[in-house]
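Visitor: Here is a sequence together with a model predicted from it:
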Amino acid sequence: MPDLSLAAAVRAAAQRLADAGVPDPLVDAELLAGHVRGQRRGEVQAAVIRGDRLTDDDAAALDALVDRRARREPLQHLTGTAPFRHLELAVGPGVFVPRPETETVVQYAIDALLGSGEPSPIGVDLGTGSGAIALAMATEVPHARVYAAELSPEAHAWARRNVAGVENLTLVLSDLADAFPELDGTASVVISNPPYVPAQAIPRDPEVRLFDPALALYGGEDGLDVVRVLSTRALRLLRPGGTLVIEHGELQGAPIRELLAADGWRAAANHRDLTLRDRATTAVRP
């Protein structure tokens, strides 16, 4: 008779994921078991200690999910959700899965909104994807008015689902170069996590290479094609003294700073993430 204990199932799942090269295999195994059982990871860990057992149906469902994760399908596609700051976002095929490092980048935009001194500061998120950045601004600065634009119809559909019911957030389907002309000269903050991977720099991780949409990844020969458009558009959107925030690759800080300076931005500065890599640049509209 097969061992249907939760502990054995989680151990076996973690081993299969480790053999497939999945980072943090035990974490993923516990999260997938929790998804099947309708439990959080901590509840799964407690259930393992208690000696809980799996039903046949749950064991089969977990086995199928582990097979897919071993083929490097993103964990978030399997569970249908991705955490971001205090949020739980719906994600899946067709939308870029928000990353933990972006949680740090959005803080610069939130701080700028909080420090603007305006009764209803305006924040604009260009290329919102799942809506993660825009939602963080709208919910953490509730007196702000937040506007988000997304070019991809597939990603826009996910964002629309995530922002439903958030009254101070407006979402549109639009190229960032043409988004929100009615806001020109009024925004306090413009933020973007644009596609910045150089065309020839294929990502190592299969989860990114095989499952993230190319539109959200690749930014032309040097990765900065969209950043150039963003710089020009943000200059028009922002009021004087407004802040631009850009997420980018760790080797792109200096060229982005030079690009912004050439366009007339003031105080362009790179910022490091928790691993001490340059991952964000801010600048001020003159």
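Guide: Perfect, I can see it now. Residues are numbered from 1 along each chain as shown.

Visitor: was I right about Arg72 contacting Val208?
Guide: No. Counting by C-beta atoms under 8 Å, Arg72 stays clear of Val208, with 9.6 Å between them. In this view, the C-beta of every residue, glycine as well, is placed from N, C-alpha and C.

Visitor: mind checking which helix or strand Ala283 is in?
Guide: Ala283 is located in strand 278-284, with elements delineated by DSSP states H and E.

Visitor: just checking, what packs against that strand?
Guide: Strand 278-284 is packed against helix 100-114, strand 238-247, helix 253-263, strand 266-272, with contacts defined by 3 or more C-beta pairs under 8 Å, 6 or more residues apart in numbering; DSSP states H and E.

Visitor: Pick the most deeply packed of these.
Guide: For the helices and strands packed on strand 278-284, the largest average neighbour count (mean count of other C-beta atoms under 10 Å) is found in strand 238-247, namely a mean of 22.

Visitor: Not counting its own residues, what contacts that one?
Guide: 101-102, 105-106, 108-109, 112, 185-194, 196, 227, 230-231, 234, 256, 260, 265, 279-286 (C-beta atoms under 8 Å, 6 or more residues apart in numbering).

Visitor: Quick check: ChimeraX command selecting the buried ones in those.
Guide: Applying 16 or more other C-beta atoms under 10 Å to these leaves a buried subset, and the ChimeraX line that selects it is:
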select :101,102,105,106,108,109,112,186,187,188,189,190,191,192,193,194,196,227,230,231,234,256,260,265,279,280,281,282,283,284,285
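
Visitor: quick one, what contacts the residue nearest to Asp52 when sequence neighbours are not counted?
Guide: Nearest residue to Asp52 in three dimensions, chain neighbours excluded: Leu6, at 4.7 Å (C-beta to C-beta, 6 or more residues apart in numbering). The contact partners of Leu6, taken as C-beta under 8 Å, 6+ apart, are Ala33, Val44, Ala47, Val48, Gly51, Asp52, Arg53, Leu54.
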